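S.K.: Here is a sequence together with a model predicted from it:
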Amino acid sequence: MIRRSILIASTAVVLVVAGCSGGDDGATPTPTPTSTASPSPSPTAAPTYSALPLATAAEFFTVSAAMSYTGDATAGPVTLGAAGTDGFSNRVRLALQSTATTAATTETVVREASEESRFTGADLLTVPAAGVTEYVYRESTAPTTAGAFTQLELYNNTIRNPATPDTAPAGFLTTFTRSSYAAWWRGDSTAGAKRITYGTFGYPTVSTDLPTTGTATYTTNVAGRAVISPAAGASSVDKLTGTVTVSVNYATGLVTVTMDLSRVTAGGNVAYGTFTGTGAIPVGSTQFTGSFGPGSTVGGTFQGVAYGSQAAELGISFALSGTVAAGDSRAVGVVLAKKN
């Protein structure tokens with residue numbers, strides 16, 4: 001709660017006594033009028049925000065996107081489920097550690113609704129280090145069902161780079177300090193159901209700290225996965241890369257997102273599609289929703305939230321559904337954006 005202090009001014013009443021010459025000794029003195037000026041409130045202190053990397057273990061809610069598919073992608077067409085987005089909530093949440101080493105026994109936890117995975121240092125597939133974009137946990141030995149796995153990928157700005165000083169700790173990636181993202185991919189068995197969830201998390205902007213004037217553009221980072229099920233032959237499950245532009249008109253609440261995405265394949269990047277969407281920030285909110293409209297390769301939705309002071313960063317989740325050049329497809333992902 002922000003407390004506002006009010007300064008109350010008191011005024012002294014001065015009595016003026018008339019002189020003896022020519023005056024009425026019984027005259028009633030006239031008091032000086034009391035000031036009616038309104039007291040001035042103390043200025044409101046600006047909110048303060050925590051920053052990444054983590055100093056201690058912490059739990060986060062997310063803005064998320066999720067999709068599912070069933071089948072063995074290497075064996076042929078898979079059955080695609082729905083793809084969609086969720087606003088900032090505890091539906092997908094993370095319990096993260098401030099360190100990540102192969103010797104760690106403390107657990108990193110990801111949960112979506114009632115489904116949960118827990119990882120320790122023994123599950124680290126990719127350790128956080130300089131030059132690593134995502135550090136990765138993977139568990140595939142328990143349960144012992146053939147083809148069962150769970151994998152958590154975390155953007156490498158949550159763990160402190162030990163080469164940085166105590167007076168100025170920094171992550172291995174330093175562009176974003178108020179927001180980050182996670183990706184959770186898991187499967188029940190070789191031919192069973194698979195689920196992919198992406199989410200952004202961090203330190204949300206206080207509603208009273210959101211700008212109300214001007215237009216801002218943002219520098220971005222995009223991550224995601226696309227599943228393509230062709231009419232015949234093997235399906236593909238590929239990471240996404242590309243370029244994204246984001247602008248926000250804070251006077252009107254209009255959010256514009258344009259994405260040019262490619263699939264990352266063994267043979268190189270392959271164009272996936274271009275997507276142009278618009279959304280809106282409701283009055284009094286720091287969240288927004290939108291959709292990809294005409295001119296986009298396929299349709300879809302996005303949701304986002306502002307992070308840090310004056311919406312210094314944004315986290316956006318997106319979901320795409322429809323037919324691309326290679327077949328029927330679903331894709332989900334996230335965009336981190338930093339104000340220019």
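M.R.: On my side now, so go ahead.
S.K.: where exactly do the helices run in the stretch 101-250 of the chain?
M.R.: Under the criterion DSSP state H, counting those that start in this stretch, helices are not mapped anywhere in the stretch 101-250 of the chain.
S.K.: what ranges of it fall below the confidence cut-off?
M.R.: Per-residue confidence for the stretch 101-250 of the chain (pLDDT under 70) gives these ranges: 141-143.
S.K.: all strands for it, in order.
M.R.: Under the criterion DSSP state E, counting those that start in this stretch, the stretch 101-250 of the chain carries strands at the ranges 108-112, 115-119, 124-126, 134-139, 149-155, 179-187, 193-202, 215-229, 236-249.
S.K.: So which of those is nearest G315?
M.R.: Between G315 and the strands of the stretch 101-250 of the chain, the shortest gap by C-beta to C-beta is with strand 193-202, which sits at 2.8 Å. For glycine as for every other residue, the C-beta is placed from the backbone atoms N, C-alpha and C.
S.K.: What are the buried residues along the closest one?
M.R.: K194, R195, I196, T197, Y198, G199, T200, F201, G202 (16 or more other C-beta atoms under 10 Å).
S.K.: Need the strands of the stretch 101-250 of the chain in TSV (columns: distance to R263).
M.R.: Rendered in TSV, the data for the strands of the stretch 101-250 of the chain read as follows (distance: least, C-beta to C-beta, whole Å):
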stretch	distance to R263
strand 108-112	24
strand 115-119	25
strand 124-126	20
strand 134-139	17
strand 149-155	17
strand 179-187	15
strand 193-202	14
strand 215-229	6
strand 236-249	4
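S.K.: Nearest to R93, out of the ones you listed?
M.R.: Taking C-beta to C-beta as the measure, the strands of the stretch 101-250 of the chain were each checked against R93, and strand 108-112 came out nearest at 5.4 Å.
S.K.: quick one, what contacts V244?
M.R.: Taking C-beta atoms under 8 Å, 6 or more residues apart in numbering as the criterion, V244 is in contact with T220, V222, V257, T258, M259, D260, V335, A337.
S.K.: One more pass at 6 Å, please.
M.R.: When the contact criterion is C-beta atoms under 6 Å, 6 or more residues apart in numbering, the partners of V244 are T220, V222, M259, V335.
S.K.: ok, now N90?
M.R.: Counting by C-beta under 6 Å, 6+ apart, N90 touches F61.
S.K.: picking up where we left off before, please identify which pair of the contacts of V244 lies farthest apart.
M.R.: Greatest spatial distance in these: T220 and M259, 9.0 Å, computed using C-beta to C-beta.
S.K.: ok, then the element right after the one helix or strand Y272 maps to?
M.R.: Per DSSP states H and E, Y272 falls inside strand 268-280. Along the chain past strand 268-280, the next helix or strand (assigned with DSSP H and E) turns out to be strand 287-292.
S.K.: Show me what L96 is bridged to.
M.R.: Legend: beta-bridge partners of L96 under DSSP bridges are A58.
S.K.: Tell me how many other residues surround it.
M.R.: One way to gauge burial is a neighbour count; for L96, by other C-beta atoms under 10 Å, it gives 21.
S.K.: what residues are up against it?
M.R.: Contacts for L96 were tallied using C-beta under 6 Å, 6+ apart; they are A58, T108, T158.
S.K.: Could you turn the buried ones of those residues into a PyMOL selection?
M.R.: Remark: buried members of the contacts of L96, expressed as a PyMOL selection using 16+ other C-beta under 10 Å:
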select buried, resi 58+108+158
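S.K.: As a markdown table, the contacts of L96 with distance to S180 would be great.
M.R.: Supplementary listing: the contacts of L96 in a markdown table, determined by distance: C-beta to C-beta, whole Å:
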| residue | distance to S180 |
| --- | --- |
| A58 | 11 |
| T108 | 13 |
| T158 | 5 |
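S.K.: The closest residue to A306 other than its chain neighbours: neighbouring residues, count only.
M.R.: Spatial nearest neighbour of A306, chain neighbours left out: T205 (3.9 Å); criterion: C-beta to C-beta, 6 or more residues apart in numbering. Using other C-beta under 10 Å, T205 has 24 neighbouring residues.
S.K.: show me the contacts for T205.
M.R.: When the contact criterion is C-beta under 6 Å, 6+ apart, the partners of T205 are T286, A306, A311.
S.K.: any idea of the pLDDT on the first one?
M.R.: This points to T286. At T286, the pLDDT value in this model is 98.
S.K.: Was I right to think it contacts L210?
M.R.: Yes - the criterion here is C-beta atoms under 6 Å, and T286 meets it with L210 at 5.3 Å.
S.K.: Which one of these two is surrounded by more residues?
M.R.: T286 (20 against 17).
S.K.: how far away is the closest residue to G121 other than its chain neighbours from V127?
M.R.: In this structure, G121 finds its nearest non-sequential neighbour in A104, 3.4 Å apart by C-beta to C-beta, 6+ apart. Counting by C-beta to C-beta, to the nearest Å, the gap from A104 to V127 is 10 Å.
S.K.: and if you look at L261?
M.R.: To V127, L261 is 28 Å away according to C-beta to C-beta.
S.K.: Compare those two and say which is more crowded by neighbours.
M.R.: With other C-beta under 10 Å as the criterion, L261 and V127 differ in neighbour count, and L261 comes out ahead with 23 against 14.
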